[in-house]
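Novice: Got a sequence here, can you model it:
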Amino acid sequence: MSKSRTVIDLSGIWDFKLGSKDFENNISFMNSDSIAVPASYNDQKDTEQYRNHYGWVYYRRTFYVSGKFSGERIVLRFDAVTHLATIILNGKGIASHKGGFLPFDVDITDKIDFDSEQELIVCVDNKINHSTLPVGNESTIAFFGSDNAGIPSVEAGKAHKKKGNVPNFDFFNFSGINRPVRLCIMPKEYIKDITIVTDLINDTAKISYDAEVCGKGGNFKITILDEDKNEVAYSEEINGVMELKRTHLWQPYPEHPYLYTARLEYGEDVYFQTFGISTVEVKGTQFLINGRPFYFKGAGKHEDSPFHGRGIDLCLDVKDINLMHLIGANSFRTSHYPYAEEMYQLCDKEGIVIIDETPAVGIGGGDNPYKTFHMHQHHEDVIRNLISRDKNHLCVVMWSLGNEPEVERYPQDAYDYWQKLYKLAHKLDHQSRPVTFVCCQNDYKKDIVTRTMDVVCINRYYGWYNLSGDLDAACYAFDVELDFWEKQNKPVILTEYGADAVSGLHRNVPQMFSEEYQWAYYEKINEILDKRDFIIGEHPWNFADFDTFDGCMRVGGNKKGLFTRNRNPKSVVRYFKHRWSTIPNFN
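Specialist: Numbering: from 1, shown residues only. The predicted structure is shown next:
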């Protein structure tokens, strides 16, 4: 919002119909249900049809646009529709979009009748397959193959109630209009984009900027404001470099994450973009923020909560950031997809560091995915859109191209695929932040991809999925592997490690699934981490318990959280609060 821009939130109660796996052209909303937007639809009605729906669903609402906005540009903005969306306005299809975790918009300036009722229908397909991100398993074998008890996939598929929509990932496929829908009204001559890149030379900050505008004849101005709204720099060039002396740096919490604001003006349009002065680089085995070696303390997360599913929950976001402050965490990874923009804005303000990840999870299983899956172009598009959306966020210090892909059985094909994306990410990001991807437990000597990333990110479950329950053997095996990574001369983050703990399950002698075993597990594994100077971070899996598909390895979801799904602490929170309060962010 600004003096030139009006934003109308279309959140609320919409009409809703479950469909079939095939798209329906003529949707009747007679006897429709009511549904809350934004939120996943799966848990808003307690029926199997909602919970395990496979295929299309249909949303409907009406709205008005006042005639006083005639002559303005009017855009429908969708922050996230999972996974495929078709937009129908007043009976006519006007757009479609693939990808469930990034925004898209539709210019409807010439498609509405002012002062009349407008009918908006959003058609949503939640099917996952070899062309989607995250990846669905087309063979009908579940994520954990043991669920099929050895029954061949053809026979199993005949009876599988989720046939054709079986995940190749370990979290629930919450679907629908998960983030806000808005009408954005602005001048037809408008500011389309701004890229801000900062550098620090001694005490002087260089602010490089590149604005993109639409329309002709407007005068451009950019004014830099400090936190007290004082003007500290000014230019009338549409791209250029400005210098700031006596600079305040954006620093991770508990230091001050100082934010400046760029006020952009073009013709009648006014837009505000927050940014900060910060540098990020990898040097040897260190990860430097503002020239100082940074240590990642935090956890992998999910956008997941009761009732909302994957739907945006601002109250929960604030709660989670405050819990991170409470336990001394400074970072998290957006496992395994980009989060809502409001979370990044909050982390900019609160000083929490983010590893920003694409939804490329589940690239593996069966035949060579790099030859048989059809997600290549979509993956590139997602990286372009992710960096375009999040490039100005101070909290984003690294891009993660994906999570736990197949890299061992087809090493050269994997190398060719991921190196192409690695180079693309570096090309797109003018700030040149480090690029990584997250490696699954594997034969790390055969993996020729992970070692080529700027930062090595590994998920390891010695003592849980491997060498289950034997922590001494787990520590030995992990120590042996770290000998290998030490020779690569790269910084390493343990981006996932953990043990399921059912809240309230206690044992005097630590046993798997008890809170005592979870505590003992982290104590043992962290002793191994603490012996290695090239380890630059630890992200337990997971920040909080989260929902998954049914399976014999899951008890009401994944229970590896430090907190329960309702954010009640497990015993191990006390351990990490003490540990992370004694490990500084820097040096």
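Novice: which residues sit against the helix or strand where R384 lies?
Specialist: R384 belongs to helix 376-390 when assigned by DSSP states H and E. Helix 376-390 is contacted from outside by 98-99, 102-103, 131-133, 193, 338, 341, 344, 356, 358-360, 396, 399, 401-402, 417, 421, 424-425, 428-429, using C-beta atoms under 8 Å, 6 or more residues apart in numbering. Heads up, the C-betas are built off the backbone N, CA and C, glycines and all.
Novice: Repeat that for stretch 469-489.
Specialist: 284-285, 444-445, 451, 456, 458, 460, 462-463, 466-467, 492, 511-512, 517, 520-521, 524-525, 527-528, 532, 534-535.
Novice: Kindly supply the ChimeraX command isolating those of these that are buried.
Specialist: A single ChimeraX command selects the buried members of the contacts of stretch 469-489 (16 or more other C-beta atoms under 10 Å):
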select :285,444,456,458,460,462,463,467,492,512,517,520,521,524,525,528,534,535
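Novice: Can you flag which of the contacts of stretch 469-489 belong to strands?
Specialist: Counting by DSSP state E, the part of the contacts of stretch 469-489 found in strands is 456, 458, 492, 535.
Novice: What is the nearest of those residues to N173?
Specialist: I458 (25.9 Å; C-beta to C-beta).
Novice: Test my guess that the closest one contacts T495.
Specialist: Yes - with contact defined as C-beta atoms under 8 Å, I458 reaches T495; the gap is 6.6 Å.
Novice: count of residues packed around P306?
Specialist: By the measure other C-beta atoms under 10 Å, the count of residues near P306 is 11.
Novice: how far away is V181 from C315?
Specialist: According to C-beta to C-beta, to the nearest Å, V181 and C315 sit 20 Å apart.
Novice: These two: who's more crowded?
Specialist: Of the pair V181 and C315, V181 is the one with more neighbours under other C-beta under 10 Å, namely 25 against 9.
Novice: Can you read off the backbone torsions of the more buried one?
Specialist: phi -110, psi 130 (degrees, to the nearest 10).
Novice: so what's the nearest residue to it once chain neighbours are set aside up against?
Specialist: Leaving aside its chain neighbours, V181 sits nearest to L10 (4.4 Å; criterion: C-beta to C-beta, 6 or more residues apart in numbering). Residues in contact with L10 (C-beta under 8 Å, 6+ apart) are 37, 61, 63, 120, 180-183.
Novice: Tell me the most packed of those, by neighbour count.
Specialist: V181 (25 neighbours).
Novice: That one touches I8, doesn't it?
Specialist: No - using C-beta under 8 Å, V181 makes no contact with I8, being 9.8 Å away.
Novice: Next, the residue lying closest to I363 once chain neighbours are set aside: phi, psi?
Specialist: The shortest distance from I363 to any non-neighbouring residue, by C-beta to C-beta, 6+ apart, is to P405 (4.0 Å). In terms of degrees, to the nearest 10, the main-chain angles of P405 are phi -80, psi 170.
Novice: Can you report how many residues lie near P405?
Specialist: P405 - counted by other C-beta under 10 Å - has 24 other residues nearby.
Novice: Same question for E255.
Specialist: 13.
Novice: For L482, what is the enclosing helix or strand?
Specialist: helix 471-486.
Novice: What of K221?
Specialist: Going by DSSP H and E, K221 is in strand 220-225.
Novice: Quick check: mean pLDDT of stretch 238-247?
Specialist: Average pLDDT, stretch 238-247: 92.
Novice: Pull out the buried residues from that stretch.
Specialist: Buried, per 16+ other C-beta under 10 Å, within stretch 238-247: 238, 242, 244, 247.
Novice: Repeat that for stretch 4-23.
Specialist: Quick answer for stretch 4-23 (16+ other C-beta under 10 Å): 4-6, 10-11, 14-19.
Novice: Now render the residues you listed as a markdown table, adding secondary structure and distance to R333.
Specialist: Shown next, in a markdown table, are the buried residues of stretch 4-23 (DSSP: H, G, I helix; E, B strand; the rest coil; distance: C-beta to C-beta, whole Å):
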| residue | secondary structure | distance to R333 |
| --- | --- | --- |
| S4 | coil | 37 |
| R5 | strand | 33 |
| T6 | strand | 36 |
| L10 | coil | 31 |
| S11 | coil | 28 |
| W14 | strand | 32 |
| D15 | strand | 37 |
| F16 | strand | 33 |
| K17 | strand | 36 |
| L18 | strand | 33 |
| G19 | coil | 34 |
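Novice: Closest one to R567 out of these, please.
Specialist: Using C-beta to C-beta, the buried residues of stretch 4-23 come closest to R567 at S11, 23.6 Å.
Novice: ok now do that closest one, which residues does it touch?
Specialist: Counting by C-beta under 8 Å, 6+ apart, S11 has contacts 37-38, 180-181.
Novice: Out of these, which sit inside strands?
Specialist: 37, 181.
Novice: ok, residues contacting stretch 559-572?
Specialist: Residues contacting stretch 559-572 (C-beta under 8 Å, 6+ apart): 299, 304-306, 316, 319-320, 323, 327, 498-503, 513, 515-516, 518-519, 522, 540-547, 557, 573, 576.
Novice: Now the buried members of those residues.
Specialist: So, by 16+ other C-beta under 10 Å, the buried ones in those are 299, 304-305, 316, 320, 323, 327, 498-503, 515-516, 518-519, 522, 540-547, 557, 573, 576.
Novice: Can you give me the distance of the residue nearest to the spatial centre of the chain to K283?
Specialist: The residue lying closest to the centre of the chain (C-alpha atoms, centre = their mean) is P338, at 2.2 Å. The gap separating P338 from K283 is 27 Å, by C-beta to C-beta.
Novice: And the pLDDT at the residue nearest to V181?
Specialist: pLDDT at L10 comes out at 98.
Novice: A159 now?
Specialist: Reported pLDDT for A159: 51.
Novice: same question, the one 5 residues further on
Specialist: Per-residue confidence for G164 comes out at a pLDDT of 58.
Novice: next one: I151
Specialist: 47.
Novice: same check, this time on N168
Specialist: In this prediction, N168 has a pLDDT value of 89.
Novice: Tell me which residues touch the nearest residue to it once chain neighbours are set aside, please.
Specialist: The spatially closest residue to N168, leaving aside those adjacent along the chain, is G362, at 3.2 Å (C-beta to C-beta, 6+ apart). G362 sits next to 134-137, 143, 167-169, 404 when contact means C-beta under 8 Å, 6+ apart.
Novice: measure A477 to E486 for me?
Specialist: 15 Å.
Novice: And for E516?
Specialist: E516 is 31 Å from E486, by C-beta to C-beta.
Novice: The helix or strand where K423 lies - contacts with which helices or strands?
Specialist: Following DSSP H and E, one finds K423 within helix 411-428. Packing partners of helix 411-428 (3 or more C-beta pairs under 8 Å, 6 or more residues apart in numbering; DSSP states H and E): helix 369-372, helix 376-390, strand 396-403, strand 435-439.
Novice: Same list, these, but as CSV with mean pLDDT and mean neighbour count please.
Specialist: Shown next, in CSV, are the helices and strands packed on helix 411-428 (pLDDT from 0 to 100; neighbours: other C-beta atoms under 10 Å):
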stretch, mean pLDDT, mean neighbour count
helix 369-372, 94, 16
helix 376-390, 98, 18
strand 396-403, 98, 25
strand 435-439, 97, 25
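Novice: Please pull up the helix or strand immediately following the worst-scoring helix or strand of the chain on mean pLDDT.
Specialist: Of all helical and strand segments in the chain, the minimum by mean pLDDT, DSSP states H and E falls on helix 153-159, at a mean of 49. Downstream of helix 153-159, the first helix or strand assigned by DSSP H and E is strand 166-167.
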